[in-house]
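J.: Sequence plus predicted model, see below.
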Amino acid sequence: MKQTIINLGLLIAAFSSHAQKYEFQSVKDISCTPVISQGQTGTCWSFSSTSFLEAEIIRTTGKSIDLSEMYNVRHTYPKKAWNYVMRQGHAQFGEGGLNHDVIDSARDFGIVPQSAFSGLVGGQTGHNHQEMAKELEKLVKANADVSRQPDANWQSGVESILEKYMGKDVTEFTFEGKKYTPKGFLEMTQLDLNNYVTITSFAHAPFYQTFILDIPDNFSNGSFYNMPLDEFVQNIDNALDKGYTLALDADISERTFSGKTGVAVIPEHADDATTILTEIKPEKKVTQELREQEFRNFNTTDDHLMHIVGKVKDQKGNIYYKVKNSWGSDNARVANGGFVYMSVPYLRLKAISVLLHKDALVAKTKKSLGV
């Protein structure tokens with residue numbers, strides 16, 4: 001009888017060690033603005049980058065400002081349209097973009113608070129760009145047709161569509177009792193846009209140099225600093241340890257990225273793809289070679305942009321990045337209040353790039369890159 005009890009105890013212990021439900025504990029939390037929803041739009045790139053800039057304002061001034069995501073979108077669409085038409089349709093045109101597009105927009109047109117430009121018209125309470133995107137695509141495709149000359153006023157047509165669906169552009173507004181222009185508001189926030197760099201890790205380009213990453217949404221041909229994978233992750237960890245957040249571009253097409261359960265993981269064994277969403281399972285060892293292979297065979301693509309704002313750990317001590325998403329905070333689609341806990345293996349394999357302050361880089365990396 002005693003032996004039976006001992007054996008039962010061993011079985012229970014063994015089962016527990018292999019089937020543990022996630023229990024997360026905070027390791028590092030960096031102040032950020034609340035999770036919000038991008039609605040029915042493909043503008044995660046602006047939500048990610050705008051949230052990042054909001055966190056930068058908090059970090060440098062202690063002031064929390066709700067910035068307008070849609071102001072950046074409104075000023076980026078004309079650039080995408082010009083690129084598509086002047087390349088005679090041999091370019092990407094759609095709702096997507098990358099983190100540097102918001103930095104470029106802010107540099108050219110400034111930034112505004114949400115109260116000055118919501119991008120919502122006609123009593124809308126949520127964003128939906130489906131019809132707007134269709135109208136814009138129809139217009140640019142017609143004017144990129146080499147069998148005919150573009151309409152002399154096609155750019156005004158783009159502006160008319162944007163105004164119809166997002167509202168008139170804003171050139172002056174009042175915030176906390178003071179009048180600003182968008183560029184004046186940017187200056188007030190004390191953001192220095194020259195301080196931000198995008199880093200990545202791909203073996204097909206030289207390390208410690210910049211290169212143009214060939215992904216569909218890089219319509220503006222933004223440059224990325226390249227480095228070995230271990231160093232890429234080291235810089236992400238260094239930034240968080242020093243109190244800096246990072247804007248993230250990643251692939252979320254994996255079955256094991258789940259907003260609903262709030263985790264993003266890479267199982268070592270394919271049979272664990274379902275259970276790993278709720279239970280701790282062994283994860284894959286991700287090398288530079290595997291990362292490159294998954295990029296080259298299109299298993300890793302730039303699907304979605306988010307915002308890394310901290311770290312958590314599970315009861316076994318495994319570390320996860322706390323990633324602020326833009327699918328809302330209180331609905332059936334999300335857990336953890338809208339945050340996703342992304343494992344280190346998932347980030348190593350599926351993170352396309354991160355945007356961060358250059359002072360958040362490891363000293364050795366900063367010197368190697370010359371920034």
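T.: All right, it came through fine.
J.: Show me the strands in the stretch 101-250 of the chain, by range?
T.: 173-175, 178-180, 196-200, 210-212, 223-226, 246-250 (DSSP state E, counting those that start in this stretch).
J.: contacting residues for Cys44?
T.: 38, 304-306, 326 (CB atoms under 8 Å, 6 or more residues apart in numbering). Every residue, glycine included, has its C-beta placed from N, CA and C.
J.: can we see that at 7 Å?
T.: Counting by CB atoms under 7 Å, 6 or more residues apart in numbering, Cys44 touches 38, 304-305, 326.
J.: Pull out the buried members of the residues you listed.
T.: 38, 304-305, 326 (16 or more other CB atoms under 10 Å).
J.: who does the residue most central in space within the chain bridge with?
T.: Taking CA atoms, centre = their mean, the centroid of the chain lies closest to Leu305, which sits 2.1 Å from it. Leu305 has the following beta-bridge partners by DSSP bridges: Asp249.
J.: so it makes contact with Ser46?
T.: No: judged on CB atoms under 7 Å, Leu305 makes no contact with Ser46 at a distance of 8.5 Å.
J.: re earlier: which one of the buried ones among the contacts of Cys44 is nearest Ser253?
T.: His304 (8.7 Å; CB to CB).
J.: Once you drop chain neighbours, what's closest to that closest one?
T.: Nearest-residue entry for His304: Ile252, 4.5 Å, with adjacent residues in sequence omitted and distances by CB to CB, 6 or more residues apart in numbering.
J.: what about that neighbour, distance to Glu56?
T.: 24 Å (CB to CB, to the nearest Å).
J.: same deal with Val309?
T.: Distance from Val309 to Glu56, by CB to CB: 12 Å.
J.: Kindly report the same for Asp330.
T.: 26 Å.
J.: Check Ala273 too.
T.: Counting by CB to CB, the gap from Ala273 to Glu56 is 37 Å.
J.: what's the answer for Thr174, then?
T.: Distance, Thr174 to Glu56, using CB to CB: 23 Å.
J.: Compare the two (neighbour count), which wins?
T.: Glu56 (21 against 11; other CB atoms under 10 Å).
J.: hang on, the earlier thing: in JSON lines: the strands of the stretch 101-250 of the chain, plus mean pLDDT.
T.: Converted to JSON lines, the strands of the stretch 101-250 of the chain look like this (pLDDT from 0 to 100):
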{"stretch": "strand 173-175", "mean pLDDT": "98"}
{"stretch": "strand 178-180", "mean pLDDT": "98"}
{"stretch": "strand 196-200", "mean pLDDT": "98"}
{"stretch": "strand 210-212", "mean pLDDT": "98"}
{"stretch": "strand 223-226", "mean pLDDT": "98"}
{"stretch": "strand 246-250", "mean pLDDT": "98"}
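J.: tell me the most buried of these?
T.: strand 246-250 (a mean of 28; mean count of other CB atoms under 10 Å).
J.: Let's see that strand as CSV, backbone CA atoms only.
T.: The C-alpha trace of strand 246-250 is given here as CSV (Å, rounded to 0.1, in the frame of the first residue of the first chain):
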residue,chain,number,x,y,z
LEU,A,246,10.9,49.1,-28.4
ALA,A,247,8.5,49.1,-31.4
LEU,A,248,8.3,45.6,-32.8
ASP,A,249,7.7,44.2,-36.3
ALA,A,250,7.0,40.5,-36.2
